[in-house]
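Asks: got a predicted model here, sequence first, then my questions.
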Amino acid sequence: MALNDCCIWGCAKAPQLGMANFHPDSSRLSVNLKQGTEKWCKRECCCLRAVSGFESSGDADRIRVQPSVLLEGFHKDANIINKQLRGNDLCSSDRSKLRVAYKGLPGAYGEDAALKAYPNCETVPCLDFETAFKCVESWLVDKAVVPIESCIAGSIHRNYDLLIRHNLHIVGELHLLIKHCLLGHKGVRKEHLTSVISHPQALVQCETMLTDLGVTNIAVDDTAAAARAVALDGRRDIGAIASSRAAQLYGLHILAEAIQDDDVNVTRFLILARDPIIPGTDRPYKTSIVFSLDEDPSVLFRALGAFALRNINLSKIESRPLKHCPLSAVDDSKEGSAESFKYLLYIDFEASLARAAQK
Ligand SMILES: O=C(O)C(=O)C[C@]1(C(=O)O)C=C[C@@H](O)C=C1
């Protein structure tokens, strides 16, 4: 793996701490920290993100670091986030504020969603969605805000799978209008670009413009990471798709605005918490359930009919593979059987569980 020019990032208050280079031959990492951050880094674990010049995915947890190196280790687990949060504390985090985890760097849409849901909250950036889930479970934060579907690009399957694996409750949802911008260095015109970096969902949402420009698409973990990669790299032929807030945060210029395929580009985010809300009948409620079905020709019809008979609107149906369900051995003569494909059905319906309890 060749991984160079990593950016070291720490807590929200000190997101960018310096640069690092990984030397595959010696498995060593050389680190150049920004002045003033060295002490902080020695005390707290930081996370590494590949921002440019990487050939493989460059996941931080795959880098083996010698113990002698300043930084202690790189894992995607809650302990590290714990340390990051303690880092936040060192940076005078206000403990009276609600803490809300989101995936990505400061300036990602997840952070916009967290601030829309809780305007005075302290937003806590996480390496990935699973870390955001774990942070809530382990009481490191109060809530997590994660995207579940885009009206242009569709469902975010990873979060459907994580909902099943973690013991959290959906306590709310919000719709965020996403206005993507094409970002680049000062003086660059969009016609100068040869590559554009962004989150895969954002690349899909702006497919028409990207095809017209004839650029190479490069996928990274989140839109803010894309903006920061372009800012740090310095190459003038690479652009990023991200928000106008990310442009401001990372000192980039907006080359084009509202570049998504469809003016109406909404992403639905879920708000997750350790405790459920008590459903009432005072206002419209939505309920999410997940189940699997036995094999029977009429079983899906009957399951959905239960809602139709009660005049309950279904707002979303999603199916995901039932993982950890051993695949039946299939010999070639049978060409695969239905047994090999079992599903979980996720249904959102527009009714409160309190209503069911009244019946
Ligand atoms: O990359 C980001 O900024 C995110 O918050 C992630 C994400 C997503 O996962 O769908 C959120 C909203 C946009 O649809 C694009 C990307």
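Replies: Looks like it arrived, so ask away.

Asks: quick one: E295 is in a strand?
Replies: No - under DSSP: H, G, I helix; E, B strand; the rest coil, E295 falls outside any strand and is assigned coil.

Asks: how close does it get to the ligand?
Replies: According to Cβ to the nearest ligand atom, to the nearest Å, E295 and the ligand sit 34 Å apart. In this view, the C-beta of every residue, glycine as well, is placed from N, C-alpha and C.

Asks: then H199?
Replies: 4 Å.

Asks: OK, contacts around that residue?
Replies: A219, V220, D221, D222, T223, A225, A226, I241 (Cβ atoms under 8 Å, 6 or more residues apart in numbering).

Asks: would you reformat those residues as CSV and include distance to the ligand?
Replies: Shown next, in CSV, are those (distance: Cβ to the nearest ligand atom, whole Å):
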residue, distance to the ligand
A219, 10
V220, 9
D221, 7
D222, 3
T223, 4
A225, 8
A226, 8
I241, 9
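
Asks: which one of those is nearest K103?
Replies: Among the contacts of H199, D222 lies closest to K103 (Cβ to Cβ), at 6.4 Å.

Asks: once you drop chain neighbours, what's closest to that closest one?
Replies: Spatially, and ignoring its direct neighbours in sequence, D222 is nearest to G104 (3.2 Å; Cβ to Cβ, 6 or more residues apart in numbering).

Asks: spell out for me the PyMOL command that would select the buried members of the contacts of H199.
Replies: A single PyMOL command selects the buried members of these (16 or more other Cβ atoms under 10 Å):
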select buried, resi 220+221+222+223+225+226+241
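
Asks: need the residues of this structure near the ligand, please.
Replies: Contacts of the chain with the ligand, taken as Cβ under 6 Å from any ligand atom, map to 104, 108-110, 147, 150, 156, 178, 199, 201-202, 222-224, 267.

Asks: taking those residues one by one, which sit in helices?
Replies: Taking DSSP state H as the definition of helices, those contribute Y109, G110, Q201, A202, T223, A224.

Asks: ok, those vs K97, which is closest?
Replies: G110 (17.4 Å).

Asks: averaged pLDDT, stretch 238-257. What do you get?
Replies: Averaging pLDDT along stretch 238-257 gives 97.

Asks: go on, stretch 270-278?
Replies: 95.

Asks: low pLDDT regions in the protein?
Replies: Scanning the chain for pLDDT under 70 picks out the ranges 1-95, 324-340, 356-359.

Asks: can you list the domains in it?
Replies: Residue ranges for each domain of the chain read 6-81, 94-178+266-272, 181-256, 280-358, as given by automatic domain parsing.

Asks: farthest-separated two in the contacts of H199?
Replies: Using Cβ to Cβ, the pair of these lying farthest apart is D221 and I241, separated by 13.3 Å.

Asks: enumerate every residue touching the nearest residue to I317 once chain neighbours are set aside.
Replies: Once flanking residues are discounted, I317 sits nearest to I347: 5.5 Å by Cβ to Cβ, 6+ apart. Neighbouring residues of I347 by Cβ under 8 Å, 6+ apart: S288, I289, V290, F291, F307, L314, K316, I317.

Asks: let's go with 7 Å and repeat that
Replies: I289, L314, I317 (Cβ atoms under 7 Å, 6 or more residues apart in numbering).

Asks: ok, now L182?
Replies: The neighbourhood of L182, defined by Cβ under 7 Å, 6+ apart, consists of K190, G239, I241, L255, A256, I259.

Asks: secondary structure class for it?
Replies: Secondary structure state of L182, per three-state DSSP, is strand.

Asks: identify the bridge partners of it.
Replies: For L182, the beta-bridge partners are I241, A256 (DSSP bridges).

Asks: gap between it and L168?
Replies: Distance of L182 to L168, given as Cβ to Cβ, to the nearest Å: 35 Å.
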